[in-house]
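Peer 1: no sequence on this one, just coordinates:
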């Protein structure tokens, strides 16, 4: 009898484990759950948002919405403005936030959960899912999956993967990226919140 079979038989003979020894399942970090929800080419914005609501995410109050969007945009400067210098990115934060807000109003949802932010945007079959929050090991784990650990850096550091795939009889482009911006490199308006980590997944048909 194989070792694992013996162990199973022994456990059955011993009866149920005491309460303190029961196996518990830890929920996936929100950023990991969101990226997983957005990965399938069949994922739809409304379904993703319903999943976020079910996990305790809420829409920010009207008075808090711009501030929440600003901190998300600040953590994502590297993804929104990749060709700009860090100084130029910070200077453009206000206009960038306004542009994202206009896009949000035309088709999207901004949600918050504690210090985490999630922005879901869609246009037809094109979808973008953005997350931002305080530093978390989950971003390091995702970075390794995307190519390697995030190196120590005085500025933003990122990892990304681009994919082209066929699904449902169509060709798709999909990109996932994660990044971390040290607090000292964040725009002054976002320093106090220390929302340094960010992730996004973009998908669109060709």
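Peer 2: Everything's here; your move. Being a predicted model, the structure only gives us computed values, none of them experimental. Residues are numbered from 1 along each chain as shown.
Peer 1: how many neighbours does residue 153 have?
Peer 2: Using other CB atoms under 10 Å, residue 153 is surrounded by 12 other residues. Placement of C-beta: from N, CA and C, glycine included.
Peer 1: State the helix or strand in which it lies.
Peer 2: Residue 153 belongs to no helix or strand when assigned by DSSP states H and E.
Peer 1: In contact with it, which residues are there?
Peer 2: Residues near residue 153 by CB atoms under 8 Å, 6 or more residues apart in numbering: 180, 182.
Peer 1: Nearest residue to residue 57 in space, please, no chain neighbours.
Peer 2: Once flanking residues are discounted, residue 57 sits nearest to residue 111: 4.1 Å by CB to CB, 6 or more residues apart in numbering.
Peer 1: Now do the SS call for the one you found.
Peer 2: The three-state assignment at residue 111 reads strand, by DSSP: H, G, I helix; E, B strand; the rest coil.
Peer 1: now that we're looking at it, how far away is residue 196 from it?
Peer 2: Look at residue 111 and residue 196: by CB to CB, to the nearest Å, they are 19 Å apart.
Peer 1: And residue 176, by the same measure?
Peer 2: Separation of residue 176 from residue 196 (CB to CB): 19 Å.
Peer 1: between these two, who's got more neighbours?
Peer 2: Between residue 176 and residue 196, residue 196 has the larger neighbour count (other CB under 10 Å), namely 24 against 21.
Peer 1: How much space separates residue 51 from residue 129?
Peer 2: 11 Å.
Peer 1: shared neighbours, the two?
Peer 2: Taking CB under 8 Å, 6+ apart as the criterion, residue 51 and residue 129 both touch residue 37.
Peer 1: picking up where we left off before, the residue nearest to residue 57: neighbouring residues, count only.
Peer 2: 20.
Peer 1: For the remainder of this discussion, apply numbering that starts at 27.
Peer 2: Fine by me, first position is 27 from now on; the one you just mentioned is residue 137.
Peer 1: Return the residues in contact with it.
Peer 2: The neighbourhood of residue 137, defined by CB under 8 Å, 6+ apart, consists of 75, 78-79, 83-86, 143-146.
Peer 1: now do 7 Å
Peer 2: By CB atoms under 7 Å, 6 or more residues apart in numbering, the contact set of residue 137 is 78, 83-85, 144.
Peer 1: Could you point out which of those is nearest to residue 183?
Peer 2: Residue 183 lies nearest to residue 144 out of those, by CB to CB, at 21.8 Å.
Peer 1: quick one, which of residue 77 and residue 155 is more surrounded?
Peer 2: Neighbours per residue (other CB under 10 Å) separate residue 77 from residue 155, with residue 155 holding more: 25 against 16.
Peer 1: Tell me what the more buried one is bridged to.
Peer 2: Judged by DSSP bridges, the bridge partners of residue 155 are residue 146, residue 227.
Peer 1: Do you know the pLDDT at it?
Peer 2: Residue 155 is assigned a predicted lDDT (pLDDT) of 98.
Peer 1: Residue 70 versus that one, what's the distance?
Peer 2: 11 Å.
Peer 1: and if you look at residue 122?
Peer 2: According to CB to CB, residue 122 stands 26 Å off from residue 70.
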